[in-house]
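>>> My questions concern the predicted model and sequence given below.
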Amino acid sequence: MRTTISLGGIVNAVVVDNRADRSVRARIRDNAPHSHYALERDDIAIELEAFRQVCLRVGRHRSWTVWESFGGSGWHTALIQKFVEPMRHAACDISSDCCSSICATCPSVRAMQIDFNDDPGSPCDWHHADFNLWTMQRLHDDQNFRASFARMFALAKELVTFTDTTPYEFQKHNAGVGPYSYWVEKVLKPSLGAFFGWDLAATYCWGPAAMHVLSRGTSAPYSFTEVKEPMRLETIDTTS
Ligand SMILES: C[S@@+](CC[C@H](N)C(=O)[O-])C[C@H]1O[C@@H](n2cnc3c(N)ncnc32)[C@H](O)[C@@H]1O
């Protein structure tokens, strides 16, 4: 099955799924390919709006080279292509289905099937990582993960953006965005500076996750933005 999706009417994304039957996607939600999972969940539309804002902030003022980890079905890839228009863009994921989806969505992007933990990376201007799970706790507990995370900062010249799923942990304990923003200011920001020497420039926060924007050597004022508006995301054509 091929599903053609319009991202806010601006980017056409083609999502390839060999499991075919969309009518059963509610039942296979937990193990569905990421493309279907994205269509099922309202919070993904809000996440896409947050990432659209990140891309607008990064902008086209220079010719970026981008290394993307956790490329998934290519929603972020498509937004980077649209709003940043990088000179070179590689997107990696552990899943071959996801790599096929990225190839179909953005043919000019180099899609690679790589486990983040074995990813040798490549020198780039911007490393973007849409982690499925990132918390300070994980960074603290898992030495391999910490090494891979550190590699991003070593190879990126200017910018690192990554997803933080800590808000989900806060939600589980009935704490809201307020405590999370305090935690970012008091714990995350100083830690990222101390461990990796980078400045936290902005955090875009929505339901269960947040996206951090880190820059090297700039003194951009830090901003914390709660994103609530979903991106318009519509299915325009489905054929079997
Ligand atoms: C949150 S989704 C990424 C969504 C993506 N940004 C998009 O726009 O579609 C996380 C992705 O991480 C991938 N993944 C999980 N563990 C991984 C690993 N160890 N190495 C690389 N990719 C991994 C999954 O296959 C999944 O596609």
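Thanks, I have the structure now.

>>> and the top helix by length along the chain, which residues are buried?
Ranked by residue count and defined by DSSP state H, the top helix of the chain is helix 42-58. Buried residues in helix 42-58, counted by 16 or more other C-beta atoms under 10 Å: 44-55, 57-58. Where C-beta positions appear, they are placed from N, C-alpha and C, glycine not excepted.

>>> try stretch 133-150
For stretch 133-150, using 16+ other C-beta under 10 Å, the buried residues are 134, 139, 145, 148-149.

>>> Could you export these as JSON lines, including pLDDT, secondary structure and distance to the ligand?
Putting these into JSON lines (pLDDT from 0 to 100; DSSP: H, G, I helix; E, B strand; the rest coil; distance: C-beta to the nearest ligand atom, whole Å) gives the following:
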{"residue": "Trp134", "pLDDT": "96", "secondary structure": "coil", "distance to the ligand": "10"}
{"residue": "Leu139", "pLDDT": "93", "secondary structure": "helix", "distance to the ligand": "15"}
{"residue": "Phe145", "pLDDT": "94", "secondary structure": "helix", "distance to the ligand": "9"}
{"residue": "Ser148", "pLDDT": "95", "secondary structure": "helix", "distance to the ligand": "9"}
{"residue": "Phe149", "pLDDT": "96", "secondary structure": "helix", "distance to the ligand": "12"}
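
>>> Can you say which two of those are spatially most distant?
Largest separation among the buried residues of stretch 133-150 by C-beta to C-beta: Trp134 and Ser148, giving 11.1 Å.

>>> In this structure Ser96 contacts Gln113, no?
Yes. If you go by C-beta atoms under 8 Å, Ser96 and Gln113 touch, sitting 5.4 Å apart.

>>> Looking at the two, which has the bigger crowd around it?
Legend: neighbour count by other C-beta atoms under 10 Å for Ser96 and Gln113, higher for Gln113 (14 against 10).

>>> For that one, which non-adjacent residue is closest in space?
Residue nearest to Gln113 in three dimensions, not counting chain neighbours: Cys99, with 4.9 Å by C-beta to C-beta, 6 or more residues apart in numbering.

>>> so that neighbour sits right up against Val109, yeah?
No. Applying C-beta under 8 Å as the test, Cys99 and Val109 come out as separate, 10.2 Å apart.

>>> Show me what residue of the protein gets nearest to the ligand.
In the chain, the residue that lies nearest the ligand is Gly72 (2.5 Å; C-beta to the nearest ligand atom).

>>> and that residue, what element?
Taking DSSP states H and E as the definition, one finds Gly72 inside no helix or strand.

>>> Contact residues of this protein facing the ligand?
34, 70-76, 93-95, 98, 115-117, 130, 132 (C-beta under 6 Å from any ligand atom).
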